[in-house]
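> give me coordinates for this.
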Amino acid sequence: MKIRIISDEKNAEIVKVWSDELKKIGHEVCADDCDICMLVLPSGAVSHLEAGTMIGDGKKLIVWQGGFENDTIEGTYRLADLVTDSPIAVIDFLEAHK
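Numbering: from 1, shown residues only. Predicted coordinates for the structure are as follows:
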């Protein structure tokens, strides 16, 4: 499955870890033509705009942030297919949508 990871430069280390782990379990991490988009928080307006474009293109959206509080989910994230702080939940979601 092709996965696009969207985030700010300040999250480069986290994005690299996710990219490496997704590749280990057989996914392709790409910049375009993806099946699923993963927005790593915290991110700024440009990243959110890119994620919104992916939703508009019919792509599935995962929103991930370590330590994310589910009771603080903003309305924007309700459009996402998965909002989580659990790596296991991300992997389970990807497996379910192969």
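> which secondary structure elements does the helix or strand where residue 93 lies sit against?
Using DSSP states H and E, residue 93 sits in helix 87-96. Using 3 or more Cβ pairs under 8 Å, 6 or more residues apart in numbering; DSSP states H and E, the elements in contact with helix 87-96 are strand 60-64, strand 82-84. Quick note: C-beta positions are derived from backbone N, CA and C, even for glycine.
> in stretch 55-64, which of the residues would be classed as buried?
59, 60, 61, 62, 63, 64 (16 or more other Cβ atoms under 10 Å).
> what's the burial count for the nearest residue to the last one once chain neighbours are set aside?
The shortest distance from residue 64 to any residue that is not its chain neighbour, by Cβ to Cβ, 6 or more residues apart in numbering, is 5.6 Å, and that residue is residue 40. Neighbours of residue 40 under the rule other Cβ atoms under 10 Å: 21.
> kindly report the same for the one 3 residues further on.
Burial of residue 43, expressed as a neighbour count using other Cβ under 10 Å, amounts to 19.
> quick one, strands of the chain?
Under the criterion DSSP state E, strands of the chain are mapped to 2-6, 28-29, 36-40, 60-64, 82-84.
> show me the contacts for the residue nearest in space to the middle of the chain.
Central residue of the chain (Cα atoms, centre = their mean): residue 38, 1.3 Å from the mean position. Going by Cβ atoms under 8 Å, 6 or more residues apart in numbering, residue 38 touches 3, 4, 5, 6, 18, 61, 62, 63, 64, 90.
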